[in-house]
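1. coordinates only, sequence not included:
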C-alpha cells in the first residue's frame, strides 16, 4: 500500500507508489471541486441572500433540508445558495471517506486481508456517522 | 454589517488562521474556534462545526504533498484510525450533552497544551528499538526515506498509542480540531515512530477523524453554510499560501509568536467559559 508499509505486498513498491500518488491527486481534486461548489454557493448567497447575516450568537440548529444527505442534494440541484454550499461541504467530507475506500481496494490487491477488515471497519464507522438517523 | 461584509471579514480571519496553522504545522483548526467565538461572538457549536470542515480541507489539501514524500505509514494510520473514529463519535456525542461553557474550558486547556508543544523541538530519531510482539502481529513496522537511503523502524507500545488515539478522537469530536498535537504525541512519544512518519501519518488521520465528527455535526444541524463557507475557503487559501512561503519563512520565530497568541486565546477561552459567557 505504501513505501513505508510493513507487509510484503504482491503489488510491489512501484505500484504502491503510483497508488499513493493517484490518491493524493484524487484528494486534491476533490478538495478543489468542493471549494468551487462552496464558492459558487457563496456568491449566490451574497447576491441573493438576506442583507443582514444570520445572528450566530444564538444557536438554533439547521433546518432538516440542510442536515440530511438526500435533502441537501435536492436543495443543491435546485441551485439554492445554502443547499449548494452544504453540498460542497458534503463533497469535502467525502474526500477522506474516498481515501479510506480506495485503501480497502489497495489492501485487497495486496491480499492483506487483516487490513482489508480493519479498513472496512473504519469505512463502516464513517458511513454510519453520515447516515444514522438519530444524529447520535 | 451586511452579508457580504460579514463573509469577507470571516474569510480574511480564516485566511490568516490557515496561513499561520500551515507555517507552524499546528493546523488552522486550533485558532478558528477562538476566533469565531471570542472575536465574532459566534455560538461555540456553530464555531466547532465550521472548524471541523476547515480541518478536513487542510488535511485532504495537503495529502498530495505528503504522499509524494513516502513517509506516511498506511497500516499504522488505518489501525489507529479505528481508535480515533470511535473516539470522534464519542466526542461528538458528548458535545451534545455538555454545557457550552464546559466545552469552552476543555478547549482552553487543550489549546494551552498545543501552545506548549510549539515551544518543544523535534524529538530525536528512535531507531534501533527491539521489535514489539503486538506491532509485529499487526505488521506495523515500516521504513522511511533518509539521506542514507531507506531506514527501518519498529513500532512500540501499541496499546498506549491506541488509547491516546482514542483520546485524540474524543477531543476532535468534542472541540472540532484535528488533535494533531495529541496524535503526534501518541505516535512519536509513545509508539516511538520517527517524527516525519508521525506527522505525515497524522495528517492523513486528521482528515478521517474530522470526517467522522463532521458527519455527526452535519446531521445534528451544527454546520451552518453561511458561516462554514467563508471559514472553509479562507483556511484552505491560507494553508495553500502558507505552504508556498514555508521554505523561506522564519519558522522558529513564527512558532514562538503563534505559541504566545494561542496561549492568550486559551486563557481567554477558559476565563469566558468559567464566567459562563461562551
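-> All right, it came through fine. Please read all numbers here as calculations on a predicted model, not as lab measurements. Numbers count the residues shown, from 1 in each chain, chains lettered A, B, ... in the order given.

2. residues in contact with residue A:87?
-> A:37, A:41, A:72-73, A:75-76 (CB atoms under 8 Å, 6 or more residues apart in numbering or on different chains). For the C-beta atoms, the positions are set from N, CA and C on the backbone; glycine is no exception.

3. what separates it from residue A:74, distance-wise?
-> For residue A:87, the distance to residue A:74 (CB to CB, to the nearest Å) stands at 10 Å.

4. how about residue B:240?
-> In terms of CB to CB, residue B:240 sits 32 Å off from residue A:74.

5. out of the two, which sits in the busier spot?
-> Higher neighbour count among residue B:240 and residue A:74: residue B:240, with 17 against 14, using other CB atoms under 10 Å in any protein chain shown.

6. any idea which helix or strand comes after the helix or strand hosting residue A:73?
-> Element membership of residue A:73, judged by DSSP states H and E, is helix A:69-77. Sequence-wise, the next helix or strand downstream of helix A:69-77 (DSSP H and E) is helix A:81-109.

7. quick check, central residue of the chain?
-> Picking chain A for this. For chain A, the residue nearest the mean C-alpha position is residue A:94 (1.1 Å; CA atoms, centre = their mean).

8. wait, chain B was what I had in mind.
-> Taking CA atoms, centre = their mean, chain B has its central residue at residue B:178, 2.4 Å away.

9. picking that back up, not counting residues beside it along the chain, what's closest to the residue nearest to the centre of chain A?
-> Distances taken as CB to CB, 6 or more residues apart in numbering or on different chains place residue A:30 nearest to residue A:94, at 7.0 Å, with adjacent residues excluded.

10. OK, contacts around that neighbour?
-> Here residue A:30 is in contact with A:91-92, A:94-95, A:98, B:60 (criterion: CB under 8 Å, 6+ apart).

11. next: residue B:33.
-> Here residue B:33 is in contact with B:44, B:47-48, B:51, B:107, B:175-177 (CB under 8 Å, 6+ apart).

12. check what pLDDT residue 117 gets.
-> Chain wasn't specified; assuming chain A. Residue A:117 carries a pLDDT value of 97.

13. oops, chain B please
-> For residue B:117, the predicted pLDDT is 79.

14. is the strand or helix carrying residue B:183 anywhere near chain A?
-> Assigning secondary structure by DSSP H and E places residue B:183 in helix B:180-184. No - judged by CB under 8 Å from any CB of the partner chain, helix B:180-184 stays clear of chain A, getting no closer than 14.4 Å.

15. pLDDT (mean, whole number) over the very next helix or strand once past that helix?
-> With elements assigned by DSSP H and E, the helix or strand that comes after helix B:180-184 is helix B:195-220. What helix B:195-220 shows for mean pLDDT is 90.

16. list the contacts of residue 35.
-> Using chain A. A:88, A:92, B:57, B:232-233, B:236.

17. wrong chain, I was asking about chain B
-> With CB under 8 Å, 6+ apart, residue B:35 has these contacts: B:13-14, B:17.

18. and the pLDDT for it?
-> 93.

19. tell me how far it lies from residue B:85.
-> 27 Å.

20. distance of residue A:23 from residue A:100?
-> Remark: distance between residue A:23 and residue A:100 (CB to CB) = 10 Å.

21. low pLDDT regions in the chain?
-> Chain wasn't specified; assuming chain A. A:1-17, A:133-136 (pLDDT under 70).

22. you answered for a different chain; I wanted chain B.
-> B:120-128, B:246-251.

23. hey, where'd the strands end up in it?
-> B:142-146, B:149-153 (DSSP state E).

24. deepest of the ones you listed, which one?
-> strand B:142-146 (a mean of 19; mean count of other CB atoms under 10 Å in any protein chain shown).

25. quick one: strands adjacent to that one?
-> strand B:149-153 (antiparallel) (DSSP bridges).

26. and the strand it pairs with, how far out from the chain middle?
-> In terms of CA atoms, centre = their mean, to the nearest Å, the centre of strand B:149-153 is found 27 Å from the chain centre.

27. do stretch B:69-88 as well
-> On CA atoms, centre = their mean, the centre of stretch B:69-88 falls 14 Å from that of its chain.

28. touching chain A at all, it?
-> Yes - Stretch B:69-88 lies within reach of chain A by CB under 8 Å from any CB, at B:70-75, B:78-79, B:81-82, B:85-86, B:88.

29. stretch B:207-223 now?
-> Yes - Stretch B:207-223 reaches chain A (CB under 8 Å from any CB) through B:207-208, B:210-216, B:218-223.
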